[in-house]
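> need a structure here:
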Amino acid sequence: MAAPPDLRAALRRYWGYDSFRPMQERIVVSLCEGRDACVVMPTGGGKSLCYQLPAALDAERTAVVVSPLIALMQDQVVQLDRIGISAGFLNSSLDAGARRRVLAEARQGRYRLLYLSPERLVRPETFEWLGGVPVSFFVVDEAHCISEWGHDFRPDYRQLRALREKFPQRPIAAFTASATQRVRHDIMAQLGLRDPQKFIASFHRPNLRYILRQCDARTQPELLVRGLRSYPDGNVIVYAPTIKRVEETAAFLTGRGIPAVPYHGQMDAETRRRNQELWMADEVRVLVGTIAFGLGINKPAVRAVIHLALPQSLEHYYQEAGRAGRDGRTADCVLLWRKADLGLLVYFIKKIEDAAEQSRAWDRYREITQFVESGRCRHLEVCRHFGERPKWTSCGSCDVCGAKLEWLEADPAVVQRPRRRERGVMRDAEPALQRTPVHAGKALSTPAAISDGLREYLRAWRREMAREQKVPAYVVLHDTSLDALCAQQPRTLADLRGVSGFGEIKTARYGPAVLEALAAYRKASKSRTEGT
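Purely as a prediction, here's the structure:
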């Protein structure tokens with residue numbers, strides 16, 4: 001079904017996009033028609049827009065979004081505000097006065113979207129209050145949390161089945177990035193979805209290169225250092241299995257001339273947020289985190305995700321590795337695992353007291369061990385795990401199918417190459433290996449060459465603007481929009497409106513400053529050229 005003209009107009013007005021990504025259009029139309037829906041769309045597929053756009057078009061009612069993370073809610077609300085869509089949130093971070101204000105404004109229909117935590121939503125007083133809010137539809141984000149068979153089951157999510165009982169006339173849409181067939185059926189049953197439209201995107205991400213390597217405690221640190229030095233552009237996420245390993249790894253990397261920040265659940269909220277923003281704003285290229293990091297992170301230019309231990313499940317691995325390459329360019333997903341990881345997983349499984357949950361944990365253990373030891377195409381194994389049956393048998397983008405990374409092939413014990421210092425980070429003297437993703441004999445397209453000088457200049461401008469406005473850097477300008485600016489270099493506001501990501505509100509808010517920054521860069525470049 002083609003999207004009505006008003007949907008396309010809204011897409012351009014608010015988000016500055018001329019076209020939908022695959023499947024987005026059909027989901028938006030379905031929600032506009034008031035249908036229940038179950039949406040499984042991999043990380044980076046643009047899930048949020050699918051429910052934010054229908055909500056923005058309803059001038060009198062509010063879409064209620066159940067979201068599990070406070071920081072994610074706050075970031076979503078700030079981003080919506082910056083593009084002219086009224087939104088609010090209710091969670092434990094609000095003081096009594098702010099909470100009363102949100103409650104009152106929501107009853108008046110002031111918000112197009114209202115974000116609540118599952119713990120807040122299932123309170124009896126919340127259901128009673130929601131009865132006076134003009135609700136258009138409900139969205140359950142990270143919906144796999146409702147299933148005991150999901151990889152991140154949360155008991156509070158189970159109580160969300162009351163939404164259907166309390167609000168039988170309101171549509172419910174469930175969204176998740178990773179759910180097997182069994183989990184998808186459980187989601188629909190638990191939420192009581194009525195004849196839902198099912199939107200299941202392909203789990204195949206051909207631009208991601210899955211590379212698995214067994215190593216030991218001696219070689220793993222050197223492999224990690226060499227790997228990080230091989231990615232001169234973009235950001236890197238390093239996942240460590242424990243808080244202690246996160247802290248040790250971040251300190252180790254910094255000591256080796258690779259600035260890195262840690263991120264884990266035992267940090268105070270302000271430190272976590274500061275470290276995340278340093279990474280998001282490209283001030284620190286490497287973030288070392290536990291699995292607490294990444295949910296809702298919208299960072300397209302992540303060139304690698306490196307795991308230092310076996311993940312808890314194949315779903316966890318798919319979701320965490322999938323934070324790489326969201327811009328569609330080639331990215332590496334490297335799993336440096338050790339035999340000791342198996343013992344650690346077993347240790348945690350044996351600590352689970354509930355017999356049924358322990359049984360499910362053993363199932364996940366068998367799946368992840370089979371994934372790393374089977375010797376079968378990694379992309380094919382992922383797709384089959386989620387119930388997809390591709391017709392191809394070899395991807396060309398994993399270690400089993402012949403993909404290699406130069407930094408993993410040499411002996412970690414060999415003498416390090418001469419290195420040069422660049423932007424405060426030691427790097428290998430020779431250029432990084434060029435990577436072109438291949439699938440079924442086709443090379444994926446990569447962006448045209450963009451001036452590194454202009455990109456760095458605009459990144460610095462973005463950081464300064466974000467500091468002034470006290471918002472995350474990506475709220476000011478997404479990486480994809482920054483690259484589009486570099487490629488198109490608009491000179492007028494009319495030109496700027498043709499740049500991807502610049503809708504009406506963002507153009508009005510940031511347009512003059514963006515054009516001024518571009519003009520200043522051109523002037524400085526001209527002066528340097530004339531002076532040579």
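
> what about the residue nearest the centre of the chain, which SS state?
Nearest to the geometric centre of the chain sits I297, at 3.9 Å (CA atoms, centre = their mean). In terms of secondary structure, I297 is coil; the call rests on DSSP: H, G, I helix; E, B strand; the rest coil.

> how about it, what does it touch?
I297 is in contact with Q276, M280, R323, counting by CB atoms under 8 Å, 6 or more residues apart in numbering. To be clear about C-beta, it is placed using only N, CA and C from the backbone, and glycine gets the same treatment.

> of those residues, the lowest pLDDT goes to which?
Note: of the contacts of I297, the lowest pLDDT belongs to M280, at 86.

> So D479 versus A179, what's the distance?
28 Å (CB to CB, to the nearest Å).

> since we're on the closest residue in space to S525 that isn't next to it in sequence, how many residues are nearby?
Leaving aside its sequence neighbours, S525 sits nearest to G453 (CB to CB, 6 or more residues apart in numbering; 7.4 Å). Close neighbours of G453, defined as other CB atoms under 10 Å, add up to 13.

> can you give me the strands for the stretch 251-400 of the chain?
Taking DSSP state E, counting those that start in this stretch, the strands of the stretch 251-400 of the chain run over residues 260-263, 286-289, 302-307, 331-337.

> what would these look like in JSON lines with mean neighbour count?
Shown next, in JSON lines, are the strands of the stretch 251-400 of the chain (neighbours: other CB atoms under 10 Å):
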{"stretch": "strand 260-263", "mean neighbour count": "23"}
{"stretch": "strand 286-289", "mean neighbour count": "26"}
{"stretch": "strand 302-307", "mean neighbour count": "24"}
{"stretch": "strand 331-337", "mean neighbour count": "25"}
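
> Let's have these in TSV, adding mean pLDDT and distance to K391.
Rendered in TSV, the data for the strands of the stretch 251-400 of the chain read as follows (pLDDT from 0 to 100; distance: least, CB to CB, whole Å):
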stretch	mean pLDDT	distance to K391
strand 260-263	96	40
strand 286-289	96	37
strand 302-307	96	28
strand 331-337	97	23
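
> burial of the nearest residue to Q358 once chain neighbours are set aside, as a residue count?
Distance criterion CB to CB, 6+ apart; nearest residue to Q358, sequence neighbours excluded, is I352 at 4.2 Å. Number of residues near I352 (other CB under 10 Å) recorded here: 14.

> I figured I352 hits W362, correct?
No. Assessed by CB atoms under 8 Å, I352 is found out of contact with W362, at 9.4 Å.

> hang on, the earlier thing: for the strands of the stretch 251-400 of the chain, give me CSV that also has distance to A189.
CSV is the format used below for the strands of the stretch 251-400 of the chain (distance: least, CB to CB, whole Å):
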stretch, distance to A189
strand 260-263, 35
strand 286-289, 33
strand 302-307, 33
strand 331-337, 32
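
> Of those, which is nearest A104?
strand 260-263 (35.6 Å; CB to CB).

> To which secondary structure element is the residue nearest to S525 assigned?
Per DSSP states H and E: G453 is located in helix 452-469.

> cool, and C38?
Per DSSP H and E, C38 falls inside strand 37-40.

> same deal with A9?
Counting by DSSP H and E, A9 is part of helix 5-10.

> Would you mind measuring from the nearest residue to Y17 once chain neighbours are set aside to R528?
Counting by CB to CB, 6+ apart, Y17 lies nearest to L11, which is 5.2 Å off, once chain neighbours are set aside. Distance of L11 to R528, given as CB to CB: 40 Å.
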